[in-house]
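> Can you look at this prediction? I've put the sequence above it.
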Protein chains: 2
Amino acid sequence: MKLEASLTADNINQKLLSIEYAVRGPILQRAQQIERELQKGVPKPFPRVVRANIGDCHALGQKPFTFIRQVLALAACPEMASAAVPEDVQQRVREILEDCTQGSVGAYSPSGGLALVRRRVAEFLAARDGVPASADDIHLGSGASDVIKAVLTMFAEQVDGKPSAVMIPVPQYPLFSGTLSELGLVRADYQLDEERAWALQPSELERAHAAASQHARVRAIVVINPGNPTGQVLTRENIEEVIKFAYQHDLFIMADEVYQENIVSKPFHSFKKVMHEMGGPYAGMELASFVTCSKGWAAECGLRAGFVELLRLAPRVLAAFRAARAVMQCPSVLGQCVLDCVMKRPAPGEPSYAQFAAELAAVRRVLAERTATAYHTFNSIPGYFCNPIDGSMFAYPRVDIPERAQEAARDLGLSPDEFYCLRLLEETGVCVIPGTGFGQRAGTFHFRTTILHPRDEFQHMMDCFRRFHLDFLEKYS
Amino acid sequence: MKLEASLTADNINQKLLSIEYAVRGPILQRAQQIERELQKGVPKPFPRVVRANIGDCHALGQKPFTFIRQVLALAACPEMASAAVPEDVQQRVREILEDCTQGSVGAYSPSGGLALVRRRVAEFLAARDGVPASADDIHLGSGASDVIKAVLTMFAEQVDGKPSAVMIPVPQYPLFSGTLSELGLVRADYQLDEERAWALQPSELERAHAAASQHARVRAIVVINPGNPTGQVLTRENIEEVIKFAYQHDLFIMADEVYQENIVSKPFHSFKKVMHEMGGPYAGMELASFVTCSKGWAAECGLRAGFVELLRLAPRVLAAFRAARAVMQCPSVLGQCVLDCVMKRPAPGEPSYAQFAAELAAVRRVLAERTATAYHTFNSIPGYFCNPIDGSMFAYPRVDIPERAQEAARDLGLSPDEFYCLRLLEETGVCVIPGTGFGQRAGTFHFRTTILHPRDEFQHMMDCFRRFHLDFLEKYS
């Protein structure tokens, strides 16, 4: 036996050691362990674990859209076509396979994605914004994570001897913090204002920029709209403020807009549209905007499809981006088929429309109901506070944790919110992610929960939060 | 309009600027342009472009395997099951969906892949090698490229103030050079011995290691077996030599074994098996071995599925690898279905077996015929030399280029092999990749061509090579 490994914690790429991704972190591992214990018959005060750790609608019982799945099936196996399959599905598959080399989804596509699908994306974006869009600006990836990482990779770790920093919100989605760690980029946190419905205050952006600029050069700003984990939808005015701020400080804007189709009532304004309408120098700024099929109504997380619209990049910068992408060949062609269906849905009059519309209405109804219930329930629990949830698929309530509980947490080497979520899991089987994994203002405690469970399970989960919290208060007050 | 972009060639991550991936590089772009010209009716001395730039079997006309595609279709849309679908397909889909959360391929899988599929991979590897394999050592990815990059990411750019180097063969597959560029790792080239059927000489490994060690610390060695672009299969003895060399120099072994199922007659020895059989300290060394569904008999490039078997990593190193992978969520679940089918094929007696066996025999026959034809044809052209092609799906012939042609190339700012391939493309429509994209000993010139075209097209291509080369010699001798 060899005594020592050649790759050790001391000589490994140290940037990997600081990656944390709470959504699939220790609390999920404990939940999985509990699931195995339950299977073995270990007695617990609950019959099963309720997973609310990750934004995965199908895992919460949302049924796949029939149109998408029929297209996928026929694209994989055109021989399965029969009279039972609607004609618009068959037509869609013919169009897609026409664009696949030799008509097989098993052939590589161009590394940016099939030309047809990129064209469909451009048409969708042009219709969404009333602003022209070009297929040449669309780059497909294996989900938004993949293209977000690819865009962040464009930033040098240092410029002129100063480390590069990227502004990200707090709370944020830990893909950003994790990827910045891996890439050796500095994170410059700006706080969302919980007292003002998680708004993005220009004064706070200035403060964060000034603070980071003391030791780093700030290169880019990430905005998550609708918010994850916070669920707010930015106003048009707020977006304008961000754009002006970015312009003044010469920042590259990265707009994580993956929840744009998961909004209950407010209007969604894309950064692209607002920049275009502002005109002047703002309409000439670079922009990266991200969309994914893992979110929105389709929520096909497992099929890994998304894209970035990259606007107004310098030609050599774009060429470098493309070269790096080409090495990884191409994203899943079946994933690209999903994106095609999401960008061009069945239209009124087409054979698949009625079923599609019914399925879409059901998804929208669940989102509207759950956001309302979560908002009201959380605000009715003593010591809980929850902002209105405009969209996304999460709630991020703030929880007062008694001082004695905070001490108990410290004794265990845990943060108070970690302790709270762990006790919640052990006592009720509900698995949510502590605010520490997303970030929160010092001295405040939160957790993120997904809210798209079936009604009964959701109500059960809400009851668990209330009952657990009251017991917790009793124990630690 | 904003005058200057915030992200420029000067302040971008400079590592991206040196990425080159010839397989999708300038020659392909020119081929695509010619295809558009042909469509517009621009007269050319050939009716269509023959693409031989990339190892993409479906693009060359290989038909997908019925079993795989039926499984994919039903996994995407279980409602399409009917009496016409063989029972073993339906059974396989039930097994896979059983392992998907809520039975949907649209739910995220664990980031390393579905437990079922990782188990199937382990069973395949154990049967292949007669050596135990564990599902815990298997990490699925979006093709081998994805996991190769993930493993290379584990190496620090510097250790103790010295840059880290990774040994790669010359010729190599440019995924390696491109990814090393992006990650800021030094490449330490070792030459394969063309005069000895592309063998890997220990003396050359020592030379390359010593040369690189003058300015860098060599951390790992990449071996591509069967070779890409070279097509040789290493002998067991040669693999033992590499392992001993790696042991002596404390190198991490990365075995790119993606073509292990594309071998005509020689036996394949995995690094894992040879290390195990050598015993002693060698059986305790770390190893990363890569396999993909894009190659092998399935050749489902577009569906992006592959895996790495990671053996004997230090626990904290493995934890860091897992954390970095988790941030990217998971590979395509439909891709994982393909991998499941490849790892556990229809067995004799099962309903799908007869058709599967016939399809497999056809694929094997094409490989055997084309490798033989390519070998004989290339060696029959004056000034061409081609080693025996044991496997892969490529030929990498050496071509004598007359001095006058080399001058003509230099006048155009091209290397002689680039000039040769570009002329070949312009005059015959055949698109192959110059040796410069893979590496070659100074003063020698090669190109890589895929060889799995349909028989008529393949013969046409071979005729083009001969005719073009004779004309070329006449023109430049």
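Everything's here; your move.
> just for chain A, where's the confidence low?
Applying pLDDT under 70 to chain A flags the ranges A:1-3.
> Show me how the record splits it into domains.
A:14-61+A:358-476, A:108-343 (automatic domain parsing).
> can you give me the end-to-end distance of the last one?
Yep, that's domain A:108-343 we're talking about. Start to finish, the residues bounding domain A:108-343 are 21 Å apart (CA to CA, to the nearest Å).
> From B:Arg312, how far off is the nearest residue to A:Ala199 once chain neighbours are set aside?
Closest residue to A:Ala199 apart from its sequence neighbours, by CB to CB, 6 or more residues apart in numbering or on different chains: A:Asp193 at 5.0 Å. C-beta here means a position set from N, CA and C on the backbone, and glycine is covered the same way. Separation of A:Asp193 from B:Arg312 (CB to CB, to the nearest Å): 50 Å.
> what residues are up against the residue nearest to A:Ala199?
Contacts for A:Asp193 were tallied using CB atoms under 8 Å, 6 or more residues apart in numbering or on different chains; they are A:Ala199, A:Leu200, A:Gln201, A:Glu204.
> Now do the same contact list for A:Ser30.
For residue A:30 the amino acid is Arg, not Ser. With contacts defined as CB under 8 Å, 6+ apart, A:Arg30 is in contact with A:Leu422, A:Leu425.
> Is it part of a helix or strand, or is it coil?
helix (DSSP: H, G, I helix; E, B strand; the rest coil).
> Tell me which stretches of the stretch 351-477 of chain A form helices.
Listed in chain order, the helices found in the stretch 351-477 of chain A under DSSP state H, counting those that start in this stretch are A:353-380, A:403-411, A:416-428, A:455-476.
> Most tightly packed of those helices?
Per residue and on average, the most neighbours among the helices of the stretch 351-477 of chain A fall to helix A:416-428, with a mean of 22 (mean count of other CB atoms under 10 Å in any protein chain shown).
> With just CA atoms, put it into PDB.
Presented in PDB, the C-alpha positions along helix A:416-428 are these (Å, rounded to 0.1, in the frame of the first residue of the first chain):
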ATOM      1  CA  PRO A 416     -28.100  29.500  15.500                       C
ATOM      2  CA  ASP A 417     -30.000  29.100  12.200                       C
ATOM      3  CA  GLU A 418     -28.100  25.800  11.500                       C
ATOM      4  CA  PHE A 419     -29.100  24.600  15.000                       C
ATOM      5  CA  TYR A 420     -32.700  25.600  14.400                       C
ATOM      6  CA  CYS A 421     -32.900  23.800  11.000                       C
ATOM      7  CA  LEU A 422     -31.200  20.700  12.400                       C
ATOM      8  CA  ARG A 423     -33.600  20.500  15.300                       C
ATOM      9  CA  LEU A 424     -36.500  21.100  12.900                       C
ATOM     10  CA  LEU A 425     -35.300  18.200  10.800                       C
ATOM     11  CA  GLU A 426     -34.800  15.900  13.800                       C
ATOM     12  CA  GLU A 427     -38.200  16.600  15.400                       C
ATOM     13  CA  THR A 428     -40.400  17.000  12.300                       C
END
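> contact partners of it?
With CB under 8 Å, 6+ apart as the test, helix A:416-428 has contacts from A:27, A:30-31, A:34, A:45-46, A:49-50, A:399, A:401, A:405-406, A:408-410, A:412, A:414, A:430-436, A:440, A:445-447, A:464-465, A:467-468, A:471-472.
> related to what we said a few turns ago, and of the domains of chain A, who's closest to B:Ile263?
Closest to B:Ile263 of the domains of chain A, according to CB to CB: domain A:108-343, at 22.4 Å.
> quick check, distance from that closest one to the centre of its chain.
Here domain A:108-343 is found 11 Å from its chain centre; the criterion is CA atoms, centre = their mean, to the nearest Å.
> before we move on, what about stretch A:82-102?
Stretch A:82-102 sits 31 Å away from the centroid of its parent chain (CA atoms, centre = their mean).
> Mind checking if it is in reach of chain B?
Yes. Using CB under 8 Å from any CB of the partner chain, stretch A:82-102 reaches chain B at A:Val85, A:Cys100, A:Thr101, A:Gln102.
> from the residues you listed, which single one is nearest B:Pro174?
B:Pro174 lies nearest to A:Thr101 out of the residues of stretch A:82-102 next to chain B, by CB to CB, at 20.7 Å.
> Share the number of residues neighbouring that closest one, please.
Residue neighbour count, defined by other CB atoms under 10 Å in any protein chain shown, stands at 23 for A:Thr101.
> Hmm, it is touching B:Asp56, no?
Yes. Using CB atoms under 8 Å, A:Thr101 is in contact with B:Asp56, at 7.1 Å.
> Please enumerate the shared neighbours of those two.
Common neighbours of A:Thr101 and B:Asp56 (CB under 8 Å, 6+ apart) are A:Ala107, A:Tyr108.
> Now do A:Ala361 against A:Trp297, distance only.
Noted for A:Ala361: a distance of 10 Å to A:Trp297, by CB to CB.
> now do A:Leu72
Per CB to CB, A:Leu72 is found 16 Å from A:Trp297.
> Same question for A:Ile54.
To A:Trp297, A:Ile54 is 18 Å away according to CB to CB.
> How about the residue in the stretch 351-477 of chain A that chain B sits nearest to: what's its closest non-neighbour residue?
Per CB to the nearest CB, A:Pro454 is where the stretch 351-477 of chain A lies closest to chain B, at 10.3 Å. Counting by CB to CB, 6+ apart, the nearest residue to A:Pro454 once its immediate chain neighbours are dropped is A:Gly61, at 4.7 Å.
> Need the residues that contact stretch A:258-266.
A:144, A:225-228, A:233, A:268, A:270, A:290-292, A:294-297, A:306, A:367-368, A:371, A:389-393.
> out of these, which are inside strands?
Among these, the ones falling in strands (DSSP state E) are A:Phe290, A:Val291, A:Thr292, A:Gly306.
> Let's have those residues in TSV, adding neighbour count and distance to chain B.
TSV is the format used below for these (neighbours: other CB atoms under 10 Å in any protein chain shown; distance: CB to the nearest CB, whole Å):
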residue	neighbour count	distance to chain B
A:Phe290	24	14
A:Val291	30	16
A:Thr292	29	10
A:Gly306	25	11
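> Residues of the stretch 301-450 of chain A that sit close to chain B?
A:301-304, A:312-314, A:316-317, A:320-321, A:323-324, A:326-335.
> quick one: which of the residues you listed sit in helices?
Among those, DSSP state H puts A:Arg316, A:Val317, A:Ala320, A:Phe321, A:Ala323, A:Ala324, A:Ala326, A:Val327, A:Val333, A:Leu334, A:Gly335 in helices.
> Looking at those, which is nearest A:Asp136?
Using CB to CB, these come closest to A:Asp136 at A:Phe321, 12.5 Å.
> thinking again about what came up before, would you agree the residue nearest to A:Pro454 is in contact with A:Arg455?
No. Applying CB under 8 Å, one finds A:Gly61 not in contact with A:Arg455, separated by 9.8 Å.
> Please name the spatially closest residue to A:Arg316 (chain neighbours excluded).
Distance criterion CB to CB, 6+ apart; nearest residue to A:Arg316, sequence neighbours excluded, is B:Ala9 at 4.0 Å.
> mind listing the helices for the stretch 51-200 of chain A?
Going by DSSP H, counting those that start in this stretch, the stretch 51-200 of chain A shows helices at A:66-76, A:87-99, A:115-129, A:143-152, A:174-183.
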